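[1] Provided below for reference: sequence and predicted model.
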Amino acid sequence: MNDNRSVQRCLAVLRGFRGGPGQSLTALSKAVDLPHSTVLRLLNTLQGEGYVRKEGTLWSLTPQLLEIGFAALANTGVNEFIQSSLQELANRCNGTVNIGEKSRDEVIIIARASSDGERRKIVVVNLRVGSSLPRDSALYSALDLPEDEWAIARYPDRRVTTVGIPLFNGPSRRLSLGLSVNDDEYPMARIETELVAGLRTERERIRSLMRLGEM
């Protein structure tokens, strides 16, 4: 096995823990479509480095992996000023604001702020920084849009609507900005006249704070 392939397979195994802690060798092998022997060899290497642990027949990630996670967050360009700006918008709209970055065929939340009202709700979808959203989400759909366009996704079961706009499209990264609000407070007319305008204003502020160039 060449080194590049080993790294790819090792990363695939780490992604296999998205299903949660306590993964069996069989479950991980199925998730990454690799033989048991290959996955076990990679797990033993990761265990030796302190990134996974084994309890009985089940494997889990260890807190040591957070070192890599925190290093990744430090490289997103999101600082306390950007977080404060997102929080102001979330409070103003009584919703949740996300910055997403494209990763393969999904978008990863790299910054998130929710109003007090949203934080008090029991949310069915438990999203946080580091969570991924699929292609049919507004945050993903907005990644490749022209600057003057916007994406929308509606979730009638939760009475929530999400609006997304492109934030930055460069040679090495693509970012989007999204806002989720309650349908009872924001009918479609208000979404078009208020939320999209508010997101575009916030976009300019974030670009300046993140030192992102014009799209």
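    All right, it came through fine.

[2] residues of stretch 48-61 that come out buried?
    Neighbour counts over stretch 48-61 (16 or more other Cβ atoms under 10 Å) mark 51-53, 59, 61 as buried. From N, CA and C alone the C-beta is placed, and that goes for glycine too.

[3] Return the subset of the residues you listed lying in strands.
    If you go by DSSP state E, the buried residues of stretch 48-61 have 52-53, 59, 61 in strands.

[4] As JSON lines, the buried residues of stretch 48-61 with distance to residue 78 and pLDDT would be great.
    Converted to JSON lines, the buried residues of stretch 48-61 look like this (distance: Cβ to Cβ, whole Å; pLDDT from 0 to 100):
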{"residue": "51", "distance to residue 78": "24", "pLDDT": "90"}
{"residue": "52", "distance to residue 78": "28", "pLDDT": "92"}
{"residue": "53", "distance to residue 78": "30", "pLDDT": "92"}
{"residue": "59", "distance to residue 78": "31", "pLDDT": "94"}
{"residue": "61", "distance to residue 78": "23", "pLDDT": "90"}
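
[5] Show me which pair in those is furthest apart.
    51 and 59 (10.6 Å; Cβ to Cβ).

[6] quick check, distance from stretch 11-22 to the centre of its chain.
    Centroid separation between stretch 11-22 and its chain, computed with Cα atoms, centre = their mean, to the nearest Å, is 16 Å.

[7] brain fart, stretch 37-51
    Counting by Cα atoms, centre = their mean, stretch 37-51 comes out at 26 Å from the chain centroid.

[8] which residues are contacting that stretch?
    Where contact means Cβ atoms under 8 Å, 6 or more residues apart in numbering, the residues beyond stretch 37-51 that reach it are 1, 6, 9-10, 13-14, 25, 28-29, 32, 52-54, 59, 61-62, 64-65.
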